[in-house]
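J.: Would you be able to build a 3D model of this:
(one chain, ligands or ions: 4)
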Amino acid sequence: MISNEDLDYCYDFVLKLTIESGKIIRDAIQGSKKIETKAGDWDLVTQYDKKMEEFLINSIAKEFPKHKFIGEETVSSTNSLPELTDEPTWIIDPIDGTTNFVHSFPFTCVSIGLSVKKELEIGIVYNPILEQLFTARRGRGASLNGKPIHASKVEKLEHSLLCLEASYATIESIRDTVLGRMEAFVSVAHGIRTMGSAALTLCYVAMGAAEAYHTDNLMAWDVAAGVLIIREAGGVVIDTNGGEFNVMSPKVVAAGNHKLAIELVKLIKKADFTTLQKKLLH
Ligand code: 2AM
Ligand code: CA
Ligand code: CA
Ligand code: CA
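T.: Ligands and ions are numbered 1, 2, ... in the order given. Below is the predicted model:
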């Protein structure tokens, strides 16, 4: 069992640690980095991703020896994704927005979520370059630098700023789908943004700076913290097919409200149908 007092203690401890870890990113972002690729030329990792994850997991494990971890770089190096259990589990993306970090583009962050009994309890997303600290506790609302944030009430795609990840178009097998959806978004919305950090983009939807975000092909660590932050800010996250969202196999439609999320699901279905039609005609 983990009490509310235990969660308070976990939150305070990990919040301090996250802020401390931000120094690693701040000190390194302008300098040269040792860059390796993982799944392809577009899938980058640096020594700092690994250093951050090691620092975070070692420090949390020392304080909470029974807690479990799902961290991007550990999963990459062991090639196995642990199952999410009922145990307190820290879901960690040590640097979300590695491509931005590599290019010294200041939209990058640390993302840490805590799941207990498969329920997200804590979400922390910290951009140490722009000094933006997004936090949420289940049932207690979401904040940016200590001030409450609220998701957008806009219900129409035509009045929305829509976000997605264009970089997935580099993967040939999904290129047509990604570009088809992008075309549909740009044709209908006030504008589209593709910012290169799933965690931070979710937080921008949470604070009402964008109306919605959609991306498939993400992993639990990209979204765990951001999903709680959006929900606590009054927004919604559903699966791209319109069903219930699953953090361990995230296909994300996140929006300021349910009506807009459903509109986005419909738009994506329509775009995919058009893409399929084009393919069949060729
Ligand atoms: P990352 O920076 O931690 O890899 C845009 O690239 C967003 O998609 C980022 O949040 C990025 O997380 C995420 N993403 C997930 N898998 C990715 C991959 N294989 N290559 C690039 N980005 C990936
Ligand atoms: Ca990565
Ligand atoms: Ca990530
Ligand atoms: Ca990462």
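J.: How about the helix or strand where Val14 lies and ligand 1, any contact?
T.: Using DSSP states H and E, the element containing Val14 is helix 4-28. No. Helix 4-28 lies apart from ligand 1 when judged by CB under 6 Å from any ligand atom; the minimum separation is 12.0 Å. C-beta coordinates here come from the backbone N, C-alpha and C atoms, glycine included.
J.: Can you spell out which helices and strands pack onto that helix?
T.: Under the contact criterion of 3 or more CB pairs under 8 Å, 6 or more residues apart in numbering; DSSP states H and E, the helices and strands touching helix 4-28 comprise helix 47-63, strand 89-96, strand 109-116, strand 119-127, strand 132-137.
J.: ok, 6 Å please
T.: Helices and strands touching helix 4-28, as assessed by 3 or more CB pairs under 6 Å, 6 or more residues apart in numbering; DSSP states H and E, comprise helix 47-63, strand 109-116, strand 119-127.
J.: What average pLDDT does the shortest one get?
T.: The reference is to strand 109-116. Taken as a whole, strand 109-116 carries a mean pLDDT of 98.
J.: Convert the C-alpha atoms of that strand to PDB, please.
T.: Taking Å, rounded to 0.1, in the frame of the first residue of the first chain, the C-alpha atoms of strand 109-116 are listed here in PDB:
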ATOM      1  CA  CYS A 109      12.800  18.100 -21.300                       C
ATOM      2  CA  VAL A 110      13.000  15.500 -18.600                       C
ATOM      3  CA  SER A 111       9.700  13.500 -18.300                       C
ATOM      4  CA  ILE A 112       8.900  11.400 -15.200                       C
ATOM      5  CA  GLY A 113       5.600   9.700 -14.300                       C
ATOM      6  CA  LEU A 114       4.700   7.500 -11.400                       C
ATOM      7  CA  SER A 115       2.200   4.700 -11.900                       C
ATOM      8  CA  VAL A 116       0.700   2.900  -8.800                       C
END
